[in-house]
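>>> Just to be clear, the model below is a prediction. Sequence and coordinates:
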Amino acid sequence: MSAPAEPSEPAPPAGWVRDHLANERTLMAWLRTALTFMAFGVAVAKFGLLLHVFGFDHPELQGELPPPERSQVLGALLVAFGGGLAIAGAVKTRRWARRISPGRDVPSERTLFGVAIATVILAGVLTVYLFL
């Protein structure tokens, strides 16, 4: 006769997987939004440079064009805001994951937060790039 099976941890509630997948999709939405703000920030910064070059070809308009530094700062702020969104999304996702399954390991947590951290690092690199 074999030994009785050891009790395993109780099965998760029925909606557990669905809730975690929804939580992951929400984080991905936060990260997409963050990347969109970052891309828009780079575009704004580079558009200011384009206007500056345009001013060389049309000196009569140069006084009416905004200084390129203004676009550079606005672009960097948008990139930094995107990085902040990535952090906010990761924090909210972690909080909800802990509420969904208290005391359990959160599935794919390392991968999701690795992507969020990579997005924050990208925001930092882009911010530095815009001021070079």
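Looks like it arrived, so ask away. Please read all numbers here as calculations on a predicted model, not as lab measurements.
>>> how far out from the middle of the chain is the helix or strand of the chain with the lowest mean pLDDT?
Of all helical and strand segments in the chain, the minimum by mean pLDDT, DSSP states H and E falls on helix 16-57, at a mean of 89. Distance of helix 16-57 from the chain centroid (Cα atoms, centre = their mean, to the nearest Å) equals 8 Å.
>>> And stretch 81-88, by the same measure?
Centroid separation for stretch 81-88 versus its chain: 5 Å, with Cα atoms, centre = their mean.
>>> ditto for stretch 102-122
Stretch 102-122 sits 12 Å away from the centroid of its parent chain (Cα atoms, centre = their mean).
>>> before we move on, what about stretch 75-90?
When C-alpha coordinates are averaged (Cα atoms, centre = their mean), stretch 75-90 and its chain have centres 6 Å apart.
>>> immediately after the least confident helix or strand of the chain, which helix or strand?
From helix 16-57 onward toward the C-terminus, using DSSP states H and E, the following helix or strand is helix 68-100.
>>> same for that following helix, what does it pack against?
Counting contacts by 3 or more Cβ pairs under 8 Å, 6 or more residues apart in numbering; DSSP states H and E, helix 68-100 is packed against helix 16-57, helix 109-130. Glycine gets a C-beta too; all of them are placed from N, C-alpha and C.
>>> can you tell me which helix or strand residue 106 belongs to?
In this structure, residue 106 sits in neither a helix nor a strand according to DSSP H and E.
>>> Nearest spatial neighbour of it, chain-adjacent residues omitted?
Excluding its sequence neighbours, the residue lying closest to residue 106 (Cβ to Cβ, 6 or more residues apart in numbering) is residue 97, at 4.2 Å.
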